[in-house]
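Enquirer: What follows is a predicted protein model with its sequence.
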Amino acid sequence: MAIISESKLWKKRLGDWVINPYIGCEHGCKHCYCPAMPGVKFTNGGRSQREWGKYIFPKENIIARLKKELETFDPTRNSTKWGKGVILLSFLTDCYSPIESRLKLTREILKLVLQAGHRVRIQTRSALVERDFDILERYRDQVVLGTSLPYLDDRLARILEPGATAPTRRVKMLQRAAARDIPVYVAIAPVMPFHNLGTVEEVLREVVPLDPVEVFSEVLNPMDDNIRIMNETLEQSGREERISELYRTNHWVRWTYECLYNAYLLGRKLGCNFICWPSPHSVKSPLSEEQKQWLLKWIPSGPVQLASV
């Protein structure tokens with residue numbers, strides 16, 4: 001299996017290629033749908049979705065294999081107008097999980113890929129990326145650094161994202177990056193059904209001054225057992241929030257539209273490049289045709305359109 005893999009993440013405008021240095025993730029986010037994805041299920045030794053966050057191991061000989069691939073790698077071979085030939089680090093793992101502080105695989109990957117002249121998008125929930133600011137600053141014309149900020153509630157994050165850097169600390173990480181002229185972006189994702197537009201606005205007002213390249217947003221989408229796991233975690237932690245009822249009804253569909261539409265209007269009002277990530281499964285009744293079309297405009301469809309890179 002190739003280290004630099006073709007990806008369908010162009011549908012989210014994140015890139016056309018992806019590198020996952022590790023299998024598994026130490027952050028253990030309860031909402032995460034990655035453990036339900038085939039790329040994890042078929043490589044994690046049969047571990048269940050409930051074990052997410054309890055295992056991680058590096059891909060075998062990844063640096064040697066990457067060096068070999070880079071000798072002939074041509075990003076234009078799978079370049080779309082949405083993904084722009086960009087390589088994403090990472091999707092099915094967090095490339096800055098705690099293990100990275102010891103193994104430094106992501107740091108070595110960055111040096112190799114950027115020295116070869118390729119463009120990279122980093123997606124992480126960890127402030128460990130600050131260790132590599134020297135590389136990102138040197139290659140700032142080829143990189144963009146982002147993090148997910150569904151809310152700024154550090155107490156809630158300790159429950160739902162137990163191994164990740166606290167949200168307020170992730171904001172500080174972005175501030176430090178922007179101060180060094182490293183391009184940044186933010187994903188307000190996933191928006192929780194027990195939050196409202198005020199939560200989105202709180203995040204936006206923190207990050208808009210950093211002039212992010214993009215601000216993405218996505219609601220919490222059901223995938224295998226993640227909704228049940230979140231509900232159990234919230235209950236065991238003594239929290240009052242519950243989310244199952246919303247997903248047993250079409251209320252989820254209407255909530256998706258209302259949440260993304262209002263967040264988009266707010267983002268535009270605050271002057272940012274706001275991009276929505278609706279699930280195709282949310283484009284159905286009881287939404288009106290006009291509402292469905294609004295959601296569909298965010299979902300690239302049809303043949304892949306090549307872009308010059």
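Expert: Great, that's in hand. Residues are numbered from 1 along each chain as shown.

Enquirer: Past the worst-scoring helix or strand of the chain on mean pLDDT, which element shows up next along the chain?
Expert: Here the helix or strand of the chain ranked lowest by mean pLDDT, DSSP states H and E is helix 38-41, holding a mean of 64. Downstream of helix 38-41, the first helix or strand assigned by DSSP states H and E is strand 55-58.

Enquirer: contact partners of that following strand?
Expert: With contact meaning Cβ atoms under 8 Å, 6 or more residues apart in numbering, strand 55-58 is reached by 21-26, 44, 47, 93, 97, 99, 103, 105. Where C-beta positions appear, they are placed from N, C-alpha and C, glycine not excepted.

Enquirer: Please convert the buried members of those residues into ChimeraX selection syntax.
Expert: Buried residues among those (16 or more other Cβ atoms under 10 Å), as a ChimeraX selection:
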select :21,22,23,24,25,26,44,47,93,97,99,105
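
Enquirer: Confidence-wise, which of the contacts of strand 55-58 comes last?
Expert: Confidence by pLDDT is poorest for N44 among the contacts of strand 55-58, given 63.

Enquirer: in the protein, which spans are helices?
Expert: For the chain, the helices defined by DSSP state H cover 38-41, 62-70, 100-103, 105-115, 133-138, 154-160, 167-179, 197-207, 226-236, 244-247, 251-269, 289-296.

Enquirer: can you count the residues close to K284?
Expert: Neighbourhood size, K284 [other Cβ atoms under 10 Å]: 11.

Enquirer: picking that back up, now distance to S126 too, for the contacts of strand 55-58, in a markdown table please.
Expert: Shown next, in a markdown table, are those (distance: Cβ to Cβ, whole Å):
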| residue | distance to S126 |
| --- | --- |
| P21 | 13 |
| Y22 | 12 |
| I23 | 17 |
| G24 | 15 |
| C25 | 10 |
| E26 | 9 |
| N44 | 20 |
| R47 | 21 |
| T93 | 11 |
| S97 | 7 |
| I99 | 11 |
| L103 | 14 |
| L105 | 14 |
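
Enquirer: where does the protein have low pLDDT?
Expert: 38-46, 48, 249, 302-309 (pLDDT under 70).

Enquirer: what about D224, how many neighbours?
Expert: By the criterion of other Cβ under 10 Å, D224 has 14 neighbours.

Enquirer: The closest residue in space to it that isn't next to it in sequence - how many residues pack around it?
Expert: Nearest residue to D224, sequence neighbours excluded (Cβ to Cβ, 6 or more residues apart in numbering): A36, at 3.8 Å. Using other Cβ under 10 Å, A36 is surrounded by 15 other residues.

Enquirer: For D134, give its distance to V120.
Expert: Distance, D134 to V120, by Cβ to Cβ, to the nearest Å: 15 Å.
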